[in-house]
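Q: sequence and predicted structure below; questions after.
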Protein chains: 4
Amino acid sequence: MNLFVGEISEKGNEDSRFVWPVRVYYEDTDAGGVVYYANYLRFLERARTEWLRHLGFEQDALMRDPGVLFAVRRVELDYLLPARFNDRLEVHSRIARLAGASLDFAQTVVRLDDGAELCRGVVRVACLRADDLRPARLPAAIKRRLTTRED
Amino acid sequence: MNLFVGEISEKGNEDSRFVWPVRVYYEDTDAGGVVYYANYLRFLERARTEWLRHLGFEQDALMRDPGVLFAVRRVELDYLLPARFNDRLEVHSRIARLAGASLDFAQTVVRLDDGAELCRGVVRVACLRADDLRPARLPAAIKRRLTTRED
Amino acid sequence: MNLFVGEISEKGNEDSRFVWPVRVYYEDTDAGGVVYYANYLRFLERARTEWLRHLGFEQDALMRDPGVLFAVRRVELDYLLPARFNDRLEVHSRIARLAGASLDFAQTVVRLDDGAELCRGVVRVACLRADDLRPARLPAAIKRRLTTRED
Amino acid sequence: MNLFVGEISEKGNEDSRFVWPVRVYYEDTDAGGVVYYANYLRFLERARTEWLRHLGFEQDALMRDPGVLFAVRRVELDYLLPARFNDRLEVHSRIARLAGASLDFAQTVVRLDDGAELCRGVVRVACLRADDLRPARLPAAIKRRLTTRED
């Protein structure tokens, strides 16, 4: 049974948002002079990892106790404007949907200097048991922290 | 005005398919022991590039004449099963939608040894003028070749 | 004529060092569970870029005025110990040699938690004219800033 | 005790060479319009992996029996000329040094269209026990195959 957390996505834009800075280096660009399209997925994952870390959850520790890991199940991503070498970006993340064994991160990449939205998407992440990779319930502590407003 | 080429996507699965082999190297994997989720986008682009090349179109030549380039506008990707180091993969590609200035590639990544579908998605590519990056009509020759059955 | 800046590399270890933090994400690792060997070169370049930035030089601005860019000419790198997912690293950089049109960065990657040296090498970077990619004299201002002790 | 196989590197240029083709895709390039310097290390490893495979050795199988893996210990790489998008390259590899528990691959990256040498280096690879990552003797069968002329 999936719980669509519409309330959170309504007010939640500000409430549950996590912002992570990313600088564009040469490694991220391609011969078109812009960030290579696959590399935004690297930025999005750094932001998810740092959000969990910010909330007190390290993925290597979670793998040992309670023995879960996260795997991306689906990505939807719109490329709106290109990022370039040296650009300062921010990844804005919030929870768009929370189910028993998976959650959707709504994530956007914003250019810091002018606030332009460069890239916007939803990443569905499944919680799996580390030993046999079967679906696992999302740990309650993580669920609670991801959907609680920090004051 | 967009033309949905439903006919092609119906019968087209076999007609207009292009298959490109990919071998999984260490560079493609992550500490989870599987291909890192962003790297499938690299595989999908290799397949699109090689399909164009197979049809006689080199992207660096197209940039000079008629002065167009392709930019990814949207990606939808479902991750079904993980690929691992040394796996032999195939990227299967077909045109799912053809519009004036963009086209959708339906692409799947298949494991060669057992035919398992690992990853499946749609990549929307826009045709742009190389000089000012404004939308350009897809060259007629490319359109024709991409949607013509090869016998 | 090359000037070997032995004085700097002697006392210079502390004088002219620049330290840049790097966090290891999944994108950096491979199926061996450790950072993929090519990715240390990404870390080293981030550190060189940030050092220049810290000294007031942005590479995209340098390309326009005075019209120079930097290209790696040679890499020597010893891999001593592996870095793992979630490790906090530091890249320590100093100038080991300064010539008219090139300079050598001595760079080491250190694990923050225990100070272990993971990777150590020298990267030779050439200064080139942006228009024709021919060797260019290293701008005097950069030379001065890179070899001056900051107090 | 290290055995320097000078004989092999003398006559060996032709005898024990393995050639692997690489096509340059957008993923490999950077905003300078050329292949990003770290990505040559990816090309070199593909060539080493394919050479072992060509000789009948799969690294995932070797990890199980006889329980060894290979780790890069040192890289020396000279960047001579840049590779660009769409370039067809070849990686030429030979064994430059063979010791009890490590071996040096001399590898060059050549542009197919004009034979220009773009990149040249030596990669030292250590043989390790897969269980505890301690040095292991290079399996005799691999040693023999790598240094035997194929007729």
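A: Nice, I can see it.

Q: helix or strand: which one has the residue nearest to the spatial centre of chain A?
A: Compute the mean C-alpha point of chain A, and by Cα atoms, centre = their mean the closest residue is residue A:48, 3.7 Å away. Following DSSP states H and E, one finds residue A:48 within helix A:39-54.

Q: now do the contacts for the nearest residue to residue A:141 once chain neighbours are set aside.
A: Using Cβ to Cβ, 6 or more residues apart in numbering or on different chains and skipping residues adjacent in sequence, the residue nearest residue A:141 is residue A:57, 7.8 Å away. Using the backbone N, CA and C atoms, a C-beta is placed for each residue, glycine as well. By Cβ atoms under 8 Å, 6 or more residues apart in numbering or on different chains, residue A:57 lies in contact with A:141-142, A:145.

Q: mind putting the residues you listed in CSV, secondary structure included?
A: Shown next, in CSV, are those (DSSP: H, G, I helix; E, B strand; the rest coil):
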residue, secondary structure
A:141, helix
A:142, helix
A:145, helix
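
Q: which residue packs closest to the spatially most distant residue from the centre of chain A, ignoring adjacent ones?
A: No residue in chain A sits farther from the centre than residue A:31, which is 27.0 Å out by Cα atoms, centre = their mean. Residue nearest to residue A:31 in three dimensions, not counting chain neighbours: residue D:29, with 3.7 Å by Cβ to Cβ, 6+ apart.

Q: what's the local residue count around the one you found?
A: 25 (other Cβ atoms under 10 Å in any protein chain shown).

Q: so how far is residue B:68 from it?
A: 19 Å (Cβ to Cβ, to the nearest Å).

Q: for residue A:57, same thing?
A: 46 Å.

Q: nearest spatial neighbour of residue A:56, skipping sequence neighbours?
A: residue A:145 (7.1 Å).

Q: repeat that for residue A:133.
A: Spatial nearest neighbour of residue A:133, excluding adjacent residues (Cβ to Cβ, 6+ apart): residue A:71 at 7.7 Å.

Q: and that neighbour, that one's in a strand?
A: Yes - according to three-state DSSP, the state of residue A:71 is that of a strand.

Q: that one contacts residue A:128, correct?
A: Yes - Residue A:71 lies in contact with residue A:128 (Cβ atoms under 8 Å); the separation is 5.5 Å.

Q: so these two - more neighbours on which side?
A: Using other Cβ under 10 Å, the more surrounded residue of residue A:71 and residue A:128 is residue A:128, with 20 against 17.

Q: contacting residues for that one?
A: With contact taken as Cβ under 8 Å, 6+ apart, residue A:128 is in contact with A:68-71, A:134-136.

Q: shouldn't it be within a strand?
A: Yes - counting by three-state DSSP, residue A:128 is part of a strand.

Q: which bits of chain A sit near chain D?
A: When proximity is defined as Cβ under 8 Å from any Cβ of the partner chain, chain A approaches chain D at A:26-27, A:29-34, A:36, A:38, A:84-85.

Q: repeat that for 6 Å
A: By Cβ under 6 Å from any Cβ of the partner chain, the residues of chain A that approach chain D are A:26, A:29-31, A:33, A:85.

Q: strands of chain A, start to end?
A: Assigned by DSSP state E, chain A shows strands spanning A:18-23, A:68-79, A:88-98, A:102-111, A:117-129.

Q: tell me the most buried of these?
A: By mean neighbour count, with neighbours taken as mean count of other Cβ atoms under 10 Å in any protein chain shown, strand A:102-111 ranks first of the strands of chain A at a mean of 22.

Q: any part of it near chain B?
A: No - Strand A:102-111 lies out of reach of chain B by Cβ under 6 Å from any Cβ, never closer than 11.9 Å.

Q: paired strands for that strand, with orientation please.
A: strand A:88-98 (antiparallel), strand A:117-129 (antiparallel) (DSSP bridges).

Q: present those strands as TSV; the columns should include distance to residue B:77 and mean pLDDT.
A: Below are the strands paired with strand A:102-111 laid out as TSV (distance: least, Cβ to Cβ, whole Å; pLDDT from 0 to 100):
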stretch	distance to residue B:77	mean pLDDT
strand A:88-98	17	96
strand A:117-129	10	97
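
Q: do you know which of those strands lies nearest residue C:115?
A: Residue C:115 lies closest, by Cβ to Cβ, to one member of the strands paired with strand A:102-111: strand A:88-98, at 30.5 Å.

Q: so which bits of chain A are right by chain B?
A: Neighbours of chain B within chain A, by Cβ under 6 Å from any Cβ: A:37-38, A:41-42, A:72-79.

Q: just checking: which of the residues you listed also lie near chain C?
A: Near chain C, by the rule Cβ under 6 Å from any Cβ, you find residue A:42 out of the residues of chain A next to chain B.

Q: how about low-confidence regions in chain A?
A: A:1-16, A:149-151 (pLDDT under 70).

Q: repeat that with 90
A: Where chain A drops to pLDDT under 90, the residues are A:1-17, A:146-151.

Q: now the residue nearest to residue A:125 when sequence neighbours are not counted: how far from residue B:18?
A: Leaving aside its chain neighbours, residue A:125 sits nearest to residue A:70 (4.9 Å; criterion: Cβ to Cβ, 6+ apart). When distance is defined by Cβ to Cβ, residue A:70 is 33 Å away from residue B:18.

Q: and if you look at residue A:40?
A: Separation of residue A:40 from residue B:18 (Cβ to Cβ) stands at 25 Å.

Q: how about residue A:120?
A: Distance from residue A:120 to residue B:18, by Cβ to Cβ: 30 Å.

Q: with residue A:50 instead?
A: Note on residue A:50: its distance to residue B:18, by Cβ to Cβ, is 39 Å.

Q: one more: residue A:79?
A: Residue A:79 is 23 Å from residue B:18, where distance means Cβ to Cβ.

Q: try residue A:24
A: To residue B:18, residue A:24 is 32 Å away according to Cβ to Cβ.

Q: what of residue A:140?
A: In terms of Cβ to Cβ, residue A:140 sits 47 Å off from residue B:18.

Q: sorry, back to before: can you tell me which residues contact the residue farthest from the centre of chain A?
A: D:29, D:33, D:85 (Cβ atoms under 6 Å, 6 or more residues apart in numbering or on different chains).

Q: tell me the bridge partners for the first one.
A: To tie it back to what came earlier, the one meant is residue D:29. Note on residue D:29: beta-bridge partners by DSSP bridges are residue D:35.

Q: contacts only, for it.
A: Contact analysis of residue D:29 by Cβ under 6 Å, 6+ apart lists A:30-31, D:35, D:85.

Q: pipe the residues you listed into JSON lines and attach distance to residue B:107 per row.
A: Output for these, formatted as JSON lines (distance: Cβ to Cβ, whole Å):
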{"residue": "A:30", "distance to residue B:107": "19"}
{"residue": "A:31", "distance to residue B:107": "22"}
{"residue": "D:35", "distance to residue B:107": "25"}
{"residue": "D:85", "distance to residue B:107": "21"}
